[in-house]
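J.: For reference, the sequence and a predicted model appear below.
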Number of protein chains: 2
Amino acid sequence: MKVSELGEFGLIEIISKLVGSSANERIILGIGDDATAWKNDAAVELATIDMLVENVHFTLNTITYHELGWKSLAVNVSDIAAMGGVPLYVLISLGLPGNSEVDDIKKLYQGMIELANTYDITIAGGDVVKAPQLTLSISVTGKAIGNSILTRSAAQPGDQIAVTGYLGTSAAGLKMLIEKLIFEEGTAFLLRKAHQQPQPRVAEGQTLVKSGVKAAIDLSDGLSSDLGHICRMSNVGANININEMPIHPVVKDNFKENAIELALCGGEDYELLFTAKPDIINKVKKLMTTPITIIGDITSEHAGKVILLDEKETTINLNKEGWDHFSR
Amino acid sequence: MKVSELGEFGLIEIISKLVGSSANERIILGIGDDATAWKNDAAVELATIDMLVENVHFTLNTITYHELGWKSLAVNVSDIAAMGGVPLYVLISLGLPGNSEVDDIKKLYQGMIELANTYDITIAGGDVVKAPQLTLSISVTGKAIGNSILTRSAAQPGDQIAVTGYLGTSAAGLKMLIEKLIFEEGTAFLLRKAHQQPQPRVAEGQTLVKSGVKAAIDLSDGLSSDLGHICRMSNVGANININEMPIHPVVKDNFKENAIELALCGGEDYELLFTAKPDIINKVKKLMTTPITIIGDITSEHAGKVILLDEKETTINLNKEGWDHFSR
């Protein structure tokens, strides 16, 4: 059935029923009234909002509705993870063409509900409107742990730079999907999943806060671009040893000389990049099963800039930067 | 300058500076980090999200960027007003074509900042992305007064139905703009302002809560449609005396036989419709300078339905309903 046949209120009712499963006892009023209401403790509160537009941020040729639901919510939850916070409530605003299939929209919501259940988050409200292309705007609110947060402006000279997990796997997945590259089944699954179903590092971000880490960002635009944000906002420089970057063997083996560029500039890994003194990073490593890799350090020189070093400590130039939504 | 020349981060910097003026001491981290952080009291919290899409919800032929900024935020604040709450923080997600003029986006933000300052709300964060047409997604959070909220499901038989302000003025303004109707200056100003710069009834909503009102909705889709939501969610019926509807003399005089339809079905007045026992409504009237008009009552009969009565108490049929974003 088309959305235009069902109508706005019919669609909201379906969504409301779907989402009902993730309702929690703190929700006073969910979908269906003017606003959503929930009980809240006195706390430092976190909130983020993001918009994903069809044919700008995704194309339905390469992602399923279920994956799109998961990913749209994951990228927002990742912003809360990057602050070391606890994601709690989600509001979803959906722009849809009238000829959208109701079943597809249900799959989209099921992907979001799956993510929400995995991370114990409550979909609290939202709306649907007509739009010329599928447009998702998602806002996630959460709270800080013990009133401490990770910021982009807290890096200090003498800090090591570390990342969780692997870099470039998501970009490799996108390249595979766009260029229709053929890999064996396990590889194709790993690469697709890295790009379409990123796992926001929520528990890891909280462990960082508890361990005394102060500076972090999630890798959405690409390592070089995102680390650049930290350098500018902390007024420090950064040296990255590109051969230390954790690149998954599957990416190294299948993308050869492109692997480093994918890891540096690819973006959308949604891993956490953080900086801290060596003793704190050692403590973090002991508290996590997620791999932690030291890839460089923060300096007082060349403030605002990221310098890339090869194995001979020679500066190499990067001819591409991270993702700017308008330029190029 | 075009947004594509300035780039995403340049635009965010401009917006961040503009918005800085509305920063408040409870904001721990504003625009520019992964998420926004603020201090929060233990309270019942309210949140709403809404999307406005160019050529679906507005056309730049009839609205200025400044007006659009005001209105986009006003309609969200109105949702918090309809719960009787205190709007506090705003997150804004903006989808822009690359050839948007930076000056226009600044005007858009100035309109939002003016609304935020008028209502003592803080623009706390947001993002900008590329989109084929101007798309605004706005989320407003707030808190309930004394943990009480106005809902759509609390109307009871024996309640009177009342509205704040006037009905149909916004729709009359839209009709004037679309049909390029010519009126004398004062009339044109009043009608344009009603449509482009609605005044969310924040103080009024709070007065309703404090006076013991339990059921309310803001008039966004049109009186008949919005009252229908209350009837269905409260499982009650409603009788409306159409000749009691408060229609502004300017609308009566200039739109004659269309005036009643504009008031019933026009939508976007962003007045509050509420129901309560006569003694409570009398109390409310004494506490407000905003006009309050009783237009009908809630019954246990014809549950879920709105019946329209003329001056002879004869039922009249309505051949048009409120705004459904997909149907018709």
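T.: Received, thanks.
J.: C-alpha from now on. contacts and neighbour counts both.
T.: Will do.
J.: how far does stretch A:238-251 sit from the chain's center?
T.: Stretch A:238-251 has its C-alpha centroid displaced from the chain centroid by 19 Å (C-alpha atoms, centre = their mean, to the nearest Å).
J.: do the same with stretch A:116-127
T.: 16 Å.
J.: List the buried residues of that stretch.
T.: A:116, A:119-127 (16 or more other C-alpha atoms under 10 Å in any protein chain shown).
J.: Walking through chain A, point out its helices one by one.
T.: Along chain A, counting by DSSP state H, helices occupy A:3-6, A:8-20, A:65-81, A:102-118, A:169-178, A:185-196, A:202-211, A:223-234, A:249-255, A:259-265, A:278-287.
J.: which of those helices is buried the deepest?
T.: helix A:65-81 (a mean of 26; mean count of other C-alpha atoms under 10 Å in any protein chain shown).
J.: Packing partners of that one?
T.: Helix A:65-81 sits against strand A:43-53, strand A:86-96, helix A:102-118, strand A:135-143, helix A:185-196, helix A:202-211, strand A:215-218, with contacts defined as 3 or more C-alpha pairs under 8 Å, 6 or more residues apart in numbering or on different chains; DSSP states H and E.
J.: out of these, nearest to chain B?
T.: strand A:43-53 (4.4 Å; C-alpha to the nearest C-alpha).
J.: Output the contacting helices and strands for that closest one.
T.: helix A:65-81, strand A:135-143, strand B:36-40, strand B:86-96, strand B:122-130.
J.: show me the contacts for residue A:316.
T.: Applying C-alpha atoms under 8 Å, 6 or more residues apart in numbering or on different chains to residue A:316 gives the contacts A:307-310.
J.: Distance of it relative to chain B?
T.: Separation of residue A:316 from chain B (C-alpha to the nearest C-alpha, to the nearest Å) stands at 25 Å.
J.: Tell me what residue A:101 is bridged to.
T.: Taking DSSP bridges as the rule, residue A:101 bridges to residue A:2.
J.: surely it meets residue A:2?
T.: Yes: at 4.6 Å, residue A:101 and residue A:2 qualify as touching, with contact defined as C-alpha atoms under 8 Å.
J.: any common contacting residues for those two?
T.: Contact with both residue A:101 and residue A:2 is made by no residue, according to C-alpha under 8 Å, 6+ apart.
J.: wait, what's in contact with residue A:273?
T.: Contacts of residue A:273 (C-alpha under 8 Å, 6+ apart): A:161-164, A:216-219, A:227.
J.: Kindly report the same for residue A:261.
T.: Taking C-alpha under 8 Å, 6+ apart, we find residue A:261 in contact with residue A:168.
J.: Show the pLDDT at it.
T.: For residue A:261, the pLDDT comes out at 91.
J.: Can you tell me how far it is from chain B?
T.: Applying C-alpha to the nearest C-alpha to residue A:261 and chain B gives a distance of 22 Å.
J.: Spit out the contact partners of residue A:167.
T.: Taking C-alpha under 8 Å, 6+ apart, we find residue A:167 in contact with A:245-248, A:262-264, A:269, A:271.
J.: how near is it to residue A:293?
T.: From residue A:167 over to residue A:293 the distance is 10 Å, taken as C-alpha to C-alpha, to the nearest Å.
J.: between those two, what contacts are shared?
T.: By C-alpha under 8 Å, 6+ apart, the residues touching both residue A:167 and residue A:293 are A:245-246.
J.: Count the residues that sit near the residue of the stretch 151-300 of chain A found nearest chain B.
T.: Using C-alpha to the nearest C-alpha, residue A:152 is the residue of the stretch 151-300 of chain A that sits closest to chain B, at 6.2 Å. Here the number of neighbours of residue A:152 (other C-alpha atoms under 10 Å in any protein chain shown) works out to 26.
J.: on that earlier part again, please tabulate the helices and strands packed on strand A:43-53 in TSV, including the columns distance to residue A:286.
T.: Putting those into TSV (distance: least, C-alpha to C-alpha, whole Å) gives the following:
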stretch	distance to residue A:286
helix A:65-81	19
strand A:135-143	25
strand B:36-40	29
strand B:86-96	37
strand B:122-130	35
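J.: hey, least reliable of these by pLDDT?
T.: Out of these, strand B:36-40 stands lowest, with a mean of 73 (criterion: mean pLDDT).
J.: packing partners for it?
T.: Under the contact criterion of 3+ C-alpha pairs under 8 Å, 6+ apart, strand B:36-40 touches strand A:43-53, strand B:27-29.
J.: measure residue A:206 to residue B:278 for me?
T.: 53 Å.
J.: can you list the weak-confidence ranges in chain A?
T.: Applying pLDDT under 70 to chain A flags the ranges A:20-35, A:317-328.
J.: quick check: domain ranges of it?
T.: A:3-143, A:160-316 (automatic domain parsing).
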